[in-house]
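Colleague: dropping a prediction and its sequence here:
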Amino acid sequence: MKMESYRQKIKDLRKTKTECNRLKGLGKRIVFTNGCFDILHPGHTRYLSAARELGDYLVVAVNSDRSVRSIKGVKRPILSERARAELIAALSSVDSVLIFDEDNPLNVISSIMPDILVKGGDWKEYEIIGADEVKKAGGEVRNIPFVTGFSTTVIIKKVLSNYS
């Protein structure tokens, strides 16, 4: 893949939905996950790699700057939405990235209707937004074991404590 071509993985919802529908028509299994991905770390890369192994095409929805602030507080995000999307798109395990502005990904999930909805092992199935919708459509909800020792919040606190 050329240096610039990974940026082509970043698409809006309409283009992502069109591509997912095309792939589903070919019998491919669409995997979906979402998150802030504020500081990319090995927990993220391992998680996304494991998610990709569950199907044929991995879509990652990245929270917009506004929605990260709403969820994590006014001091976040550290990196802009475009920078976070670009980092995720550069991973070979990721096929498509979109930025969403809502506080939760229900609209995106309902639009794409993935075959497999994935979250980290720190999420209980009843907490996973879109789980009911995906299961009602015949899809699966999967948890990937949480990688201990890596957390954006912990990394930020560690860095701040080293400079205070």
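Modeller: Noted; the coordinates are in hand.

Colleague: just give the closest residue to V31, not the sequence neighbours.
Modeller: Using CB to CB, 6 or more residues apart in numbering and skipping residues adjacent in sequence, the residue nearest V31 is G55, 3.9 Å away. For the C-beta atoms, the positions are set from N, CA and C on the backbone; glycine is no exception.

Colleague: please name the residues that touch the one you found.
Modeller: K28, R29, I30, V31, D115, I116 (CB atoms under 8 Å, 6 or more residues apart in numbering).

Colleague: give me every residue that touches the third one.
Modeller: It refers to I30. By CB under 8 Å, 6+ apart, I30 lies in contact with C20, L23, K24, G55, D56, Y57, V59, I112, P114, D115, I116.

Colleague: likewise for the second one?
Modeller: Contact criterion CB under 8 Å, 6+ apart gives L54, G55, D56, Y57, D115, I116 as the residues in contact with R29.

Colleague: for the third one, grab phi and psi.
Modeller: Here is the backbone geometry of D56 (degrees, to the nearest 10): phi -100, psi -20.

Colleague: could you do I109 as well?
Modeller: Here the main-chain torsion angles of I109 (degrees, to the nearest 10) amount to phi -60, psi -50.

Colleague: distance of it from L48?
Modeller: For I109, the distance to L48 equals 17 Å [CB to CB, to the nearest Å].

Colleague: in this protein, which ranges drop under the pLDDT threshold?
Modeller: Residue ranges of the chain with pLDDT under 70: 1-4, 147-149, 152-160, 164.

Colleague: quick one: the strands in this structure?
Modeller: Using DSSP state E, the strands of the chain run over residues 30-35, 57-63, 96-100, 116-120, 140-144.
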